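Novice: below is the sequence, then the predicted model.
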Amino acid sequence: MVNPFFHTFGYKAGILACLMKGATLVPVDVFDVDKVLAKIPQERISVIPGPPTLYQSILDHPMRQTADLSSMRLAVTGAAVVPVELVKRMRAELGFETVLTAYGLTESTGVVTMCRRSDSPEVIAGTSGRAIPGLDVRVLDADNKEASPGDPGEVVVKGYTVIPGYFGNPEATAEAIDADGWLHTGDVGVMDEDGNLRITDRTKDMFVVGGFNAYPAEIEGMLLRHPAVSQVAVVGKPDDRMGEVGCAFVVPRPGSDPQGLEEALVAWAKEEMANYKVPREVRIVDALPLNASGKVLKTELRRQVR
């Protein structure tokens, strides 16, 4: 268990899950890939829950090639947008028999939707599954009406797991939870005909390029297909002509040549995606700034580009 216990992910997917099933919990105080790779064979670790950055760090660590990972069978990931390419690599290169994706937030007690073990690989890799029993999940368009399957909008959730409000902050409560009890998550998602939800981004992370809405998670997912990219985070950067343009912070894959990678990625992106989605700037970095839960600190990246 790498996630901190003060956070809903570590508390629910860690302490409570192990308590309910009688499983052995092996905490790691600070995420260190060397320590984690040593613990797996030593303790015969079979389940690792964590945000996408955790698995990306393991995948691209040089010790991974020689580490004994044969005991691992189940990975549960969420807490951020999960790239399909990452799910494929977790199966093929880390040997996870099952990779389950889920979506949730603290205001709904940690879990809103989750894949089932019987789901097809396409559903698991491409969505965060369906609502857990007892919850109602919808996607609303700009007019606050339920969006058609396949159309993006804000994810809202209602049910027994939703908080009654923020302690001592009625203004924030009124902003997040409407009169009918729907929690407005601030996350952008698409729901298919079967009720499977795919989170595409955060509304606050979206930026507008010359009148077009650009969703960083979509652009990041595309850039992760490049063989030289290990991790990437995209934020909007002020631009006099376009209003905002994309700036990509890229951690190169071990063994790749970072020389000239900035220009090469921009040129590659122009061939792979619509022009307004192409990052106008690429910055090569050793690591992305993360919070204690392993999420990328987009606020820090936006501060840097401003």
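Specialist: Received the coordinates, thanks.

Novice: can you pull out the strands in the stretch 1-150 of the chain?
Specialist: Counting by DSSP state E, counting those that start in this stretch, one finds strands in the stretch 1-150 of the chain at the ranges 47-50, 74-77, 98-103, 113-114, 130-131, 135-140.

Novice: buried ones in the last one?
Specialist: It refers to strand 135-140. 135, 137-140 (16 or more other C-beta atoms under 10 Å). No exception for glycine: its C-beta is placed from N, CA and C like everyone else's.

Novice: dump those residues to a markdown table, plus pLDDT and distance to A264.
Specialist: Listed next are the buried residues of strand 135-140 as a markdown table, based on pLDDT from 0 to 100; distance: C-beta to C-beta, whole Å:
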| residue | pLDDT | distance to A264 |
| --- | --- | --- |
| L135 | 97 | 45 |
| V137 | 97 | 41 |
| R138 | 97 | 42 |
| V139 | 96 | 37 |
| L140 | 95 | 40 |
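
Novice: nearest to K295, of these?
Specialist: V137 (21.5 Å; C-beta to C-beta).

Novice: pretty sure the closest one sits against A131.
Specialist: Yes: with contact defined as C-beta atoms under 8 Å, V137 and A131 form a contacting pair (4.2 Å).

Novice: identify the contacts common to those two.
Specialist: Common contacts of V137 and A131 (C-beta atoms under 8 Å, 6 or more residues apart in numbering): 112-113, 157, 195, 197.

Novice: show the buried residues in those.
Specialist: Using 16+ other C-beta under 10 Å, the buried ones in the shared contacts of V137 and A131 are 112-113, 157, 197.

Novice: what's the most distant pair in these?
Specialist: The most widely separated members of those, counting by C-beta to C-beta, are V157 and L197 (9.9 Å).

Novice: now do the shared contacts for the two.
Specialist: By C-beta under 8 Å, 6+ apart, V157 and L197 have these common neighbours: 112, 131, 137.

Novice: and of those residues, the nearest to P252?
Specialist: V112 (34.2 Å).

Novice: which residue packs closest to the closest one, ignoring adjacent ones?
Specialist: Of all residues not flanking V112 in the chain, G104 sits nearest, at 4.7 Å (C-beta to C-beta, 6 or more residues apart in numbering).

Novice: what number of residues lie near that neighbour?
Specialist: Counted by other C-beta atoms under 10 Å, the residues lying close to G104 total 23.

Novice: in contact with it, which residues?
Specialist: Applying C-beta under 8 Å, 6+ apart, the residues near G104 are 8, 78, 110-113.

Novice: now R44: phi and psi?
Specialist: phi 50, psi 50 (degrees, to the nearest 10).
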